[in-house]
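> sequence-free structure coming up:
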Ligand SMILES: [K+]
Ligand SMILES: [K+]
């Protein structure tokens, strides 16, 4: 992340910022791969294993070809955690920068340093922004780790317990989904502290820096930006919907909720999966055992993802809301969308649709390549690709079975899923007006 | 179809045209269902069988829960064929009408009867339009039937042979995909007459009335409408792409092309599947035996479909081209799309994106319901839903296995796939300008 700072702060862009982001991630991934190949980092690890793990960590996805908890030494686990932290931090910082290009208000004191034009942003301003983001991130992770200590220290003793707490807090806040347990957090499926702390961290990390700054500095709903309002109501609605549909569809499925005796515990698991599926990658239930219908909903949730300027992936909650509003406006035969007394222009809708279509294209292409590379169940492959694109990290179990081509596809999808939407967002924010105008014509649809 | 005429020609719309179309189709389906339940029409047939067959025929889909050739008497087969013909004709007529609302030029002599406003269309004008369409349809079907006689009469004798030729010609021109053979046209996989006549009829029926009228009356490429140019180049590109990818992916698959000895015959089968998959529903290869990768391409092709004002389904070729152009323009950072020296406006792109998104939504919803109703392979279900939505009629074999809920989902999907895109097209053509303007705001994406 630090590598990108001098580039971005130059007066004129010699390199476009998305290229800087992509290059930063690529360098982080390559460095991480080499670090993981050091001696005493893990049990035997191929270059392909190391590259996959590093990509998954830097893109905060969480898909894994090896069991991180048992395969890596403490040093190896630290490398993974540092990669996660750098990946997550870099993303939040870069997104906040792109955001300032878009002119979206980020309400923090001394906001002068977030100008509408990146060219005017000085190195000092950038450092200040990074400082604020760092402070928020470390505070959240510390509180999360302390809470998790109450679970892990009694189970694993002081040293091991503190490390488990720290690892899972960082992994959760960065929406990375890496766990040191081979079955993710399934063994804590009915533990109330886990069910509050982990989703809490995920939501804080996944709602986005701009919303956090509204919540912290503005505080009054009336004065929140449209983005924050949409993001908060949208996330709440998605959580309610996903918790409810998971519970409804899986209540009697013996592979998931069926074997859990109490109603409260079933609801706890539903709550956890409902809140975490969009981007987290943690699970407290058997993902491969879910019905096809639930799996389909999970795929949709993973593609939607979290909030902008957050550590979450996907097309983003606001994009999804604008899609829904556009569909609604369409059926009401309106050309404008309204939300919270503000309109969203046609131009904005077009951006949302373009982003969505290109994302679908990437998912379809990756899926096609994976069907060629891997001979397995189609739904499992679709799930894996959606998980990689949304940088979610859930899997129906095929990750370790992938051959090198299959791994390459997933690595590519994770990378594009991480860098792609931000790049598109930047492209969309800085469009060049057309030079030549042709006579207009139209084409029949439907 | 005739039922709709008086409604459409009234001065003011008491009923919106899409509702008339939907009602017409519903009445045709109900009538067809009752006719198929008459005695001496078939071997025992449940109401659910009859409804499914009638819907599949009227929507010119071709999915079938029974084997039409062996299950129905001659009278039953005639009922199916009449339903196909009425469904196909009604569609072309209605689409041509909607088209005139959109102001797209249909170049035929005395074109005064196609005004920009449906309100000005008189009953006389409509009848003239229907007459022209009827003439084109019957001529094509007659020529097709005569050509097919050269295959079927030697195989099945005069009476049976002529009926087979007629049935398949009508089914092909209307892109219905119903066949009197249980294995569709697989037994004629390497017959050159079949491989020329059937795709020929399908393409003529599937390219759309507006393009046909350009081809017949205008003749000079330079003077073709933008729609016709896009449609012809787009279809050609899609055919080349699909023939090539089918051949490349399936060449050595023993279940499909692998067991066919000669290169020419392999290419014949590839040509047939490449040209017919987008909307036809005929097959000369084992659809269930295809690789997952080919299946995925077929699903895409089925969702794309054929041309507007044709008997084909799907989101339509022009919609797909505009999607591609929009993506391209996006990466070139242009706000306008250009094709053949004409521009396609932002407004038009928005319509295309809206149509595509809503179509994806319908497919996803139907698939979700089918996963609840039916316990089978996920890819087979996705294929079935795409086939129903694109009114294609190909299946990986699960159609007869569906329970009543599953059948209901597919019936609904076929109906929406048939009526939906036209309805959306009409809505998009007649948008109401917004009355209240809110202060504008924007939302961050990516
Ligand atoms: K993740
Ligand atoms: K069809």
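In hand now; what should we look at? Small disclaimer: the values here were computed from a predicted structure and weren't measured. Numbers count the residues shown, from 1 in each chain, chains lettered A, B, ... in the order given. Ligands and ions are numbered 1, 2, ... in the order given.
> burial count for residue A:263?
Using other CB atoms under 10 Å in any protein chain shown, residue A:263 has 10 neighbouring residues. Any C-beta I mention is one placed from the backbone N, CA and C, and that applies to glycine too.
> Show me what the longest helix seen in chain A is packed up against.
For chain A, the longest helix by residue count, based on DSSP state H, is helix A:123-156. Judged by 3 or more CB pairs under 8 Å, 6 or more residues apart in numbering or on different chains; DSSP states H and E, helix A:123-156 is in contact with helix A:4-8, helix A:74-102, helix A:158-173, helix A:192-207, helix A:209-213.
> Of the ones you listed, which is nearest residue A:18?
Of all the helices and strands packed on helix A:123-156, helix A:74-102 sits nearest to residue A:18, with 8.5 Å by CB to CB.
> quick check: mean pLDDT across the closest one?
Helix A:74-102 carries an average pLDDT of 80.
> Could you do stretch A:284-298 as well?
Averaged across stretch A:284-298, pLDDT comes to 91.
> and that stretch, is it in reach of chain B?
Yes - under the criterion of CB under 8 Å from any CB of the partner chain, chain B is reached by stretch A:284-298 at A:291-293, A:295-297.
> Check what contacts that stretch and list those residues.
With CB atoms under 8 Å, 6 or more residues apart in numbering or on different chains as the contact definition, stretch A:284-298 has outside contacts at A:184-186, A:188-189, A:194-195, A:242, A:245-246, A:249-250, A:253, A:255-257, A:269, A:272-273, A:277, A:379-380, A:383, A:394-397, B:364, B:367-368, B:371-372, B:378, B:381.
> Report the buried members of these.
Those of the contacts of stretch A:284-298 that meet the buried threshold are A:184-186, A:188-189, A:194-195, A:242, A:245-246, A:249-250, A:253, A:256-257, A:269, A:272-273, A:277, A:379-380, A:383, A:394-396, B:364, B:367-368, B:371-372, B:378, B:381, by 16 or more other CB atoms under 10 Å in any protein chain shown.
> Inside helices: which ones of those residues?
Using DSSP H, the subset of those located in helices is A:194-195, A:242, A:245-246, A:249-250, A:269, A:272-273, A:379-380, A:383, B:364, B:367-368, B:371-372, B:378, B:381.
> which among these are in contact with ligand 1?
With the criterion set as CB under 5 Å from the ion, no member of these is near ligand 1.
> so where is chain A shaky, pLDDT-wise?
Scanning chain A for pLDDT under 70 picks out A:1-15, A:95-127, A:333-336, A:341, A:343, A:345-347, A:427-446.
> circling back: which one of the helices and strands packed on helix A:123-156 lies nearest to residue B:81?
Closest among those, using CB to CB: helix A:192-207, at 56.8 Å.
> Any buried residues in the closest one, and which?
A:194-195, A:197-207.
> Which residues of the stretch 1-150 of chain A lie near ligand 1?
By CB under 5 Å from the ion, the part of the stretch 1-150 of chain A that sits against ligand 1 consists of residue A:62.
> Tell me the residue of the stretch 1-150 of chain A that sits nearest ligand 1?
Closest residue of the stretch 1-150 of chain A to ligand 1, CB to the ion: residue A:62 (4.3 Å).
> Ok, the stretch 251-400 of chain A next?
Checking the stretch 251-400 of chain A residue by residue against ligand 1 with CB to the ion singles out residue A:281 as nearest, at 3.6 Å.
> Quick one: classify that residue as helix, strand or coil.
Secondary structure of residue A:281, reduced to three states by DSSP: H, G, I helix; E, B strand; the rest coil: coil.
> does it really touch residue A:394, like I thought?
Yes - using CB atoms under 8 Å as the test, residue A:281 is close enough to residue A:394 to be in contact (5.6 Å).
> so who does whatever residue of the stretch 51-200 of chain A ends up closest to ligand 1 touch?
Across the stretch 51-200 of chain A, the shortest distance to ligand 1 (CB to the ion) belongs to residue A:177, at 3.7 Å. For residue A:177, the contacting residues are A:60-62, A:171, A:184, A:280-282, A:392-394, by CB under 8 Å, 6+ apart.
> export those residues to JSON lines and tack on distance to ligand 2?
Listed next are the contacts of residue A:177 as JSON lines, based on distance: CB to the ion, whole Å:
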{"residue": "A:60", "distance to ligand 2": "45"}
{"residue": "A:61", "distance to ligand 2": "41"}
{"residue": "A:62", "distance to ligand 2": "43"}
{"residue": "A:171", "distance to ligand 2": "50"}
{"residue": "A:184", "distance to ligand 2": "45"}
{"residue": "A:280", "distance to ligand 2": "43"}
{"residue": "A:281", "distance to ligand 2": "42"}
{"residue": "A:282", "distance to ligand 2": "45"}
{"residue": "A:392", "distance to ligand 2": "37"}
{"residue": "A:393", "distance to ligand 2": "41"}
{"residue": "A:394", "distance to ligand 2": "37"}
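> Closest one to residue B:359 out of those, please.
Nearest to residue B:359, judged by CB to CB, of these is residue A:392 at 25.4 Å.
> Find the residue closest to the closest one in space, skipping its chain neighbours.
Excluding the flanking residues, the one nearest residue A:392 by CB to CB, 6 or more residues apart in numbering or on different chains is residue A:302, at 4.5 Å.
> do residue A:420 as well
Skipping the residues right next to it in sequence, residue A:420 comes nearest to residue A:362 by CB to CB, 6+ apart, at 6.6 Å.
> cool, residue A:312 as well?
Nearest non-adjacent residue to residue A:312, counting by CB to CB, 6+ apart: residue A:306, 2.3 Å away.
> Shouldn't that neighbour be within a strand?
No - in this structure, residue A:306 is coil, not part of a strand, as judged by three-state DSSP.
> which residues touch it?
The neighbourhood of residue A:306, defined by CB under 8 Å, 6+ apart, consists of A:175, A:206-208, A:235, A:278-279, A:312-314, A:316-317.
> mind running it again at 6 Å?
Contact criterion CB atoms under 6 Å, 6 or more residues apart in numbering or on different chains gives A:206, A:278-279, A:312 as the residues in contact with residue A:306.
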